[in-house]
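1. Any chance you could fold what I've pasted below:
(one chain, ligands or ions: 1)
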Amino acid sequence: MTGVKIDGLEVAKSIRLQVKDIVNDLKAKGITPCLATVLVGDNQASATYVRNKHKACEDVGILTKDHTPTAEITQAGLNKLIEELNQDETVHGILVQLPLPSHLNEFITTTQILPEKDVDGLTPPNVGLLSIGKAVLVACTPSGIIEMCKYYNIELEGKNVVIINRSNLVGKPLYHLLLQNNATVTTCHSKTKDLKKICLNSDIVITGVGNRAIFKLTPDMIKEGAVVIDVATTRHDGKLSGDADYSEIIEKTSFASPVPGGVGPMTVAMLLKNTVTAAAISKGIDIKS
Ligand code: GUN
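-> Next comes the predicted model:
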């Protein structure tokens, strides 16, 4: 069986069109959504991701504020910057690009962000709301994966889904979203025993290890007709690859997402959506999702 490509660029485009309409409605009400990004230090991959996020914002009419403190900034200095952005009424969303340099603490940093401006869905109140199915701002990659499934009518209810990732940005929020969609979810990680057996028993495999030296998802690890969603992005000689070789895995799947052109564009599209949602909420406006 050769599967259907889950085209993240196409799904992201449909989300961006929805966002553009919402931006126009908000502008007509005198609100221009604005995302502030904070990029600490000179991590080149992070700089590229942030540049892409700014470009995507501009394309739909969202303003951006770009903060690029050097790697020498202290935790107190970073907290102060976030506090200023919290107080700035023209800023609706705040994104601190991760990872941070090792002397800065990601939990302390992200916890400074006001929950209503937390477009990454990383603050404890938003994580708590997600766990009881009441979140408004949800981490972008997981919500993007759910949107991809909806777009391609990939049924989640009653399906066995394995997530090979347990990070705060991907695996954990995705677990909750899948559970809310009535899937039976298994979360795997580096200490999991019998990973291949779990994958072979799964209707949907969502993989995000990002290190080919320790893990590659190969066709012998999935059942015929499974759905494979590849969240990993590993750079080799300037080329992006996922945990699976798309051309190899697609032969055995019903649907599979490539890297690049799969989950990545969805993360950016959902960030735009979260930013307009945060802008609307800041003025008490209810937007349809
Ligand atoms: N680094 C990699 N992905 C993300 C993301 O979705 N948000 C933030 N803040 N940092 C990231």
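
2. give me the element the residue of the stretch 1-150 of the chain found nearest the ligand is part of.
-> Closest approach between the stretch 1-150 of the chain and the ligand, counting by Cβ to the nearest ligand atom: residue 98, at 3.7 Å. Any C-beta I mention is one placed from the backbone N, CA and C, and that applies to glycine too. For residue 98, there is no helix or strand it lies in under DSSP states H and E.

3. Now it. Nearest residue, chain neighbours left out?
-> residue 106 (6.0 Å; Cβ to Cβ, 6 or more residues apart in numbering).

4. what ranges do the helices span in the stretch 101-250 of the chain?
-> 106-111, 124-131, 140-151, 171-180, 195-200, 246-249 (DSSP state H, counting those that start in this stretch).

5. can you list the residues of the stretch 151-289 of the chain near the ligand?
-> Listed as neighbours of the ligand in the stretch 151-289 of the chain under the rule Cβ under 6 Å from any ligand atom: 169, 267.

6. To what extent is the nearest residue to residue 65 once chain neighbours are set aside buried, counted in neighbours?
-> The shortest distance from residue 65 to any non-neighbouring residue, by Cβ to Cβ, 6+ apart, is to residue 36 (4.1 Å). Counted by other Cβ atoms under 10 Å, the residues lying close to residue 36 total 26.

7. Give the closest residue to residue 151 in space, chain neighbours not counted.
-> That would be residue 11: by Cβ to Cβ, 6+ apart, it lies 4.6 Å from residue 151.

8. pretty sure the one you found is in a helix, no?
-> Yes: applying DSSP: H, G, I helix; E, B strand; the rest coil, one finds residue 11 inside a helix.

9. mind listing what it touches?
-> 147-148, 151, 265-266, 269 (Cβ atoms under 8 Å, 6 or more residues apart in numbering).

10. Same question for residue 243.
-> 164, 207-210, 212, 215-217, 230-232.

11. what's the neighbour count on residue 27?
-> 12.

12. Could you list the low-pLDDT ranges of the stretch 151-289 of the chain?
-> Where the stretch 151-289 of the chain drops to pLDDT under 70, the residues are 288-289.

13. at 80 instead, please
-> 236-237, 287-289 (pLDDT under 80).

14. How about residue 223: what's its closest non-neighbour residue?
-> Leaving aside its chain neighbours, residue 223 sits nearest to residue 200 (5.5 Å; criterion: Cβ to Cβ, 6+ apart).

15. still on that earlier bit, which one of the helices of the stretch 101-250 of the chain has the most crowded surroundings?
-> Most buried of these, by mean neighbour count (mean count of other Cβ atoms under 10 Å): helix 140-151, with a mean of 23.

16. So what's the gap between that helix and the chain middle?
-> Relative to its parent chain, helix 140-151 has a centroid offset of 9 Å by Cα atoms, centre = their mean, to the nearest Å.

17. For the helix or strand in which the residue nearest to residue 65 is found, which outside residues touch it?
-> Secondary structure from DSSP H and E places residue 36 in strand 34-38. The contact list for strand 34-38 (Cβ under 8 Å, 6+ apart) reads 50, 53-54, 57, 62-69, 78, 81-82, 85, 88, 90-97, 119, 271, 275, 279.

18. Hmm, residue 46 and residue 71 touching each other?
-> No: in this structure, residue 71 is not within contact of residue 46 by Cβ atoms under 8 Å, at 11.4 Å.

19. Against which helices or strands is the helix or strand harbouring residue 47 packed?
-> For residue 47, the host element (DSSP H and E) is helix 44-60. Here helix 44-60 touches helix 8-28, strand 34-38, strand 63-67, helix 263-282, going by 3 or more Cβ pairs under 8 Å, 6 or more residues apart in numbering; DSSP states H and E.

20. Quick one, which of these gets closest to residue 123.
-> Across the helices and strands packed on helix 44-60, residue 123 has its closest neighbour in helix 263-282 (12.2 Å, Cβ to Cβ).
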